[in-house]
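Novice: need a 3D model of the following:
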Amino acid sequence: MSFKIGGCSLLALAVSAQVLVVSSVSAQSDNSAKAPLSVQEAAARFGARDAVGGISIAPDGKQLAVVVPHGSGEDIHVHQLDGSGKVTAIRGASGGDNRLRYCQWSTDQRLACMLTYLVKDANGLMTYTRVIGVNADGSASRMITPQESMRARGMSNDGGQIIDLTAPGGGNGVLMTRRFMPEEETGTIIHATRGGLGVIAVDTVSGKSRTVEPPKETASDFLSDGRGTVRVMSVQPREESGYDGNRISWFFRKKDGHAWLPLSTVTYSAGGSHGFEPLAVDPDLDVVYGRDVKDGYTALYRRALTEGAPNELLLSHPGGDVDNLVRVGRQQRVVGVSYATEKRVVDYADPELAKLSKAMAKVFPAGSAVNIIDATQNEQKLVMLVTSDVNPGMLYLYDKATHQMAELLPLRPQLAGVALSQMKPVSFPARDGTMIPGYLTLPPGSDGKNLPAIVMPHGGPESRDEWGFDWLSQFFANRGYAVLQPEFRGSTGYGAAWFQKNGFQSWPTAIGDVNDAGRWLVTQGIAKPNKLAIVGWSYGGYAALQSAVLDPDLYKAIVAVAPVTDLEMLRMERINFTDYEMENTRIGQGPHVKAGSPAQNAGKFKAPVLMFHGDIDHNVGIAESRFMRDRLNGAGKSVELVEFPGLDHQLASSAARTKMLAQADAFLRQSLHLP
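Specialist: Residues are numbered from 1 along each chain as shown. Predicted coordinates:
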């Protein structure tokens, strides 16, 4: 198996002049008139998983490691960047309860890869993690997670996370967190007397390790400086019950120091977090970057790693949360910040990258997002991803020395040549007059009038939609539906007042906004009143179901994927885990729990319901969908549940997603009486 990389298109950049001279750029899609796809073909093309699930460039820039889908699992493909086109396929994870999450180069020839797997026991589904080291040619595969860590019992059964690709002394070492545990234990709650989290330096070739940070009983995280030195630690004390508390204290260590000194405290509540939350360390400036709340919105700060140092504001934005650092390279150097309004904005602090960003903005279509995914050791070669609403994504390799940019791989080759739809930012009034932002996607070539329409609330609820390619909305637009994705109150990104108490405790407001989105589609003439449906995944599935509790006559069909259906059941899914009290606080107590649970209000439903759920979903247990089905059946309502054996919350299988899309389309057409 081999194919050439960089042979399709080459971009020459005259960066000093901020001009991009293009010899050719291959299109991911176009909106020219074409014969419509059949439902099965559309479902297969849009339902296919991304062809690239992760990508990493070797420190010397000579090889590229790509995580690629394989059934419901993932493999590793190592591409040579010498023009030979050679590709080595390495078996990764079989899928279902065994998944390959990412691979990173620890050296020029050695990869460190994170795998997760699920185990069913008396307490339900338990998630385990492990880290594997493997050579670029597929040889010398070795587990580098210490074996005793795999016997840890708790929320994540933590097999360690790589926090630095450099370890003290260099060589083949990386820094990893490690949960130090005794050989024997009972139960699933990690008690304070049973060890703790520490940091080890692991040789990815031999598997030998040594302790860098001894275990701390309530330590919850560590931050390294990208050069092999741990500088920041978080501690989350537990309650007498053994559950995690709602306060996390952060500590720092001075350069060349050993003592841990107080840095900040973050408090978590149903309405979000408060306090300076560290994100990354800059060893050159000797500062830590983090986020905190300013005037009701998240802002980004930095603080010198000295005692009593104040927060220094980097960026805040009136009316929106500044939420992300932009980092690049093996040392994860901080080069800028980003935030999302109608579209995501990146503000580069690095002058060279700022100039490069401006140059690229002149060659790619207006509004395209250009993101740095990875870089070589010296940052002379950058792996970049270019996307937009009508571009599912193309990966490029940019060489600073030659100012050239070569195509690497498309994220969704199945959609090449398929007409895609523009995603338009809109706003609509809620019942109380508040203007709710959202994103409207219309069928290609449509005038946007008298269409069948879908309201598609996002998951979370501690999340938001953003402008860009969305395979679900694009599929339904391709099938002739207008799709509106509302940023209901309870979404993140719009400040604490917008988030309220979150989408569960403040469900009347959140679901009210979702329903107002449907009414707006009708009043604007976009949707026909009797051709309106709602589709959602996870919390979006909850919102789709709960919309019928609030207004049973509004939507004529409901599709819910992996939905929350009962808030008390959701709470009890975490009772054997250390984060139970956090989930308990998130959901809250009171009459809103029953009133806000679709399964407890099945008698109010009028529209038919179709649900999809994987049977090893550890985010939202499949028991919730089964309970919803049984309650609707008991109330004499129309309901169908499609179960996917061996799949989790994401339904990470092209075959399963294809089936889901085709069946959802058929259900909607029948329910809305469409041809």
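
Novice: and stretch 88-107, what's buried?
Specialist: 88, 90, 92-107 (16 or more other CB atoms under 10 Å). The C-beta positions use only the backbone N, C-alpha and C, and glycine is treated the same way.

Novice: who's in contact with the helix or strand where Ala662 lies?
Specialist: Using DSSP states H and E, Ala662 sits in helix 654-671. The contact list for helix 654-671 (CB atoms under 8 Å, 6 or more residues apart in numbering) reads 39-40, 42-44, 46-49, 69, 71-72, 452, 454, 475-476, 479, 481, 533, 535, 556-557, 559, 561, 607-608, 610, 612, 614, 640, 642, 644, 647, 651, 674-675.

Novice: helices - which of those residues land there?
Specialist: Val39, Gln40, Ala42, Ala43, Ala44, Phe46, Gly47, Phe475, Phe476 (DSSP state H).

Novice: filter those residues to the buried ones?
Specialist: Val39, Ala42, Ala43, Ala44, Phe46, Gly47, Phe475, Phe476.

Novice: tell me how far the first one lies from Leu668.
Specialist: Going from Val39 to Leu668 by CB to CB, to the nearest Å gives 11 Å.

Novice: equivalent analysis for the last one, please.
Specialist: Distance, Phe476 to Leu668, by CB to CB: 8 Å.

Novice: ditto for the third one
Specialist: Distance check for Ala43 against Leu668: by CB to CB, it reads 13 Å.

Novice: ok, which stretches of the stretch 51-200 of the chain are strands?
Specialist: According to DSSP state E, counting those that start in this stretch, the stretch 51-200 of the chain carries its strands in the segments 54-57, 63-70, 73-80, 87-93, 98-105, 110-121, 124-135, 142-143, 162-164, 173-180, 196-203.

Novice: in stretch 408-422, which residues are buried?
Specialist: Under 16+ other CB under 10 Å, the buried positions of stretch 408-422 are Leu408, Leu409, Pro410, Leu411, Arg412, Gln414, Leu415, Val418, Ala419, Leu420, Ser421.

Novice: how about it as CSV, C-alpha atoms only?
Specialist: What follows is stretch 408-422 as a C-alpha-only set of coordinates in CSV (Å, rounded to 0.1, in the frame of the first residue of the first chain):
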residue,chain,number,x,y,z
LEU,A,408,-0.8,16.1,2.4
LEU,A,409,-4.2,14.4,2.9
PRO,A,410,-7.9,15.4,2.7
LEU,A,411,-10.0,14.7,5.8
ARG,A,412,-13.0,13.5,3.9
PRO,A,413,-12.0,12.3,0.4
GLN,A,414,-15.5,10.8,-0.1
LEU,A,415,-17.0,14.3,-0.4
ALA,A,416,-14.7,15.5,-3.2
GLY,A,417,-16.9,17.0,-5.9
VAL,A,418,-20.1,16.9,-3.7
ALA,A,419,-22.0,20.2,-3.5
LEU,A,420,-21.9,21.4,0.1
SER,A,421,-23.9,24.1,1.7
GLN,A,422,-22.8,27.4,3.3
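
Novice: now that stretch: mean pLDDT?
Specialist: The predicted model assigns stretch 408-422 a mean pLDDT of 96.

Novice: next one: stretch 623-633
Specialist: The average pLDDT within stretch 623-633 is 98.

Novice: so which of the strands of the stretch 51-200 of the chain is nearest Arg247?
Specialist: In terms of CB to CB, the element of those nearest to Arg247 is strand 196-203, at 16.9 Å.

Novice: each with direction, which strands does that closest one pair with?
Specialist: According to DSSP bridges, strand 196-203 forms sheet pairs with strand 173-180 (antiparallel), strand 209-216 (antiparallel).

Novice: what residues does the last one touch?
Specialist: Residues outside strand 209-216 that contact it (CB under 8 Å, 6+ apart) are 144, 146, 167-168, 175-176, 178-180, 195-203, 222, 230, 233, 235.

Novice: got a PyMOL select line for the buried ones in these?
Specialist: To isolate the buried ones among the contacts of strand 209-216 in PyMOL, judged by 16+ other CB under 10 Å, type:
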select buried, resi 144+146+167+175+176+178+179+180+195+196+197+198+199+200+201+202+203+222+230+233+235
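
Novice: strands of the stretch 451-600 of the chain, start to end?
Specialist: 451-455, 482-486, 527-537, 558-561.

Novice: closest one to Thr387 among these?
Specialist: Using CB to CB, the strands of the stretch 451-600 of the chain put strand 482-486 closest to Thr387, at 16.8 Å.

Novice: where does this structure have low pLDDT?
Specialist: Within the chain, the segments meeting pLDDT under 70 span 1-35, 122-123, 148-156, 182-194.

Novice: again, 50 this time
Specialist: 1-33, 149-156, 183-193 (pLDDT under 50).

Novice: and it, what are its domain boundaries?
Specialist: Domain ranges of the chain: 6-30+353-411, 423-671, per automatic domain parsing.

Novice: between the two ends of the last one, how far is it?
Specialist: Counting by CA to CA, to the nearest Å, you get 26 Å between the two ends of domain 423-671.
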